[in-house]
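[1] I would like the atomic coordinates for the input below:
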Amino acid sequence: SLYLTRLLLQARGHSVAGARDGPAGLAAAQAVVPDVILLDIQLPKMDGYAVARALRAIRSLDAVPIVAVTSYAMNGDRVRALAAGFDAYIEKPIDPDGFVAQVEGIVSAGRQ
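    Sure, this is the predicted structure:
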């Protein structure tokens, strides 16, 4: 959930901007230009695949890794996420002990 991911990241000193739906997420990403975008697939108004494709069309966000954080764990979902412009995939429920390190590793690796 947004609450848990925000709590875990802030506890490690990261600042977090959150959005509850796809259009709000697009606006927030453009306003902030974050180090990483954590994006659920199941969102109101626009699903995560549509949001990822829209983010990838924004030049200022080219270098920002997009991570799917989702309970969709079927075989084809990972392939579909990567095709939509996601760089990585973290399955829910997230592991509170390893989540921040996983996100920090993705940020360190940068955009593939």
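
[2] what's the residue nearest the centre of the chain in contact with, if anything?
    The chain has residue 38 as the residue nearest its centroid, 1.7 Å off, counting by C-alpha atoms, centre = their mean. By C-beta atoms under 8 Å, 6 or more residues apart in numbering, the contact list for residue 38 reads 5, 67, 69, 90, 103. No exception for glycine: its C-beta is placed from N, CA and C like everyone else's.

[3] what would those look like in CSV with neighbour count and pLDDT?
    Output for those, formatted as CSV (neighbours: other C-beta atoms under 10 Å; pLDDT from 0 to 100):
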residue, neighbour count, pLDDT
5, 21, 93
67, 20, 96
69, 23, 91
90, 17, 92
103, 24, 96
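
[4] Select the helix or strand of this structure having the lowest average pLDDT value.
    Sorting the helices and strands of the chain by mean pLDDT, DSSP states H and E puts helix 75-84 at the bottom, at a mean of 86.

[5] And for residue 12, nearest residue in space, chain neighbours not counted?
    residue 100 (4.8 Å; C-beta to C-beta, 6 or more residues apart in numbering).

[6] quick check, that neighbour in a strand?
    No: judged by DSSP: H, G, I helix; E, B strand; the rest coil, residue 100 forms no part of a strand; its state is helix.

[7] Tell me how far the helix or strand containing residue 4 lies from the chain's centre.
    Assigned by DSSP states H and E, residue 4 falls within helix 2-11. Relative to its parent chain, helix 2-11 has a centroid offset of 13 Å by C-alpha atoms, centre = their mean, to the nearest Å.

[8] centre of the chain versus the next helix or strand after it, how much separation?
    Per DSSP H and E, the first helix or strand lying C-terminal to helix 2-11 is helix 22-32. Its chain's C-alpha centre and that of helix 22-32 lie 12 Å apart, by C-alpha atoms, centre = their mean.

[9] next one: stretch 31-51
    6 Å.

[10] now the end-to-end length of stretch 9-22.
    21 Å (C-alpha to C-alpha, to the nearest Å).
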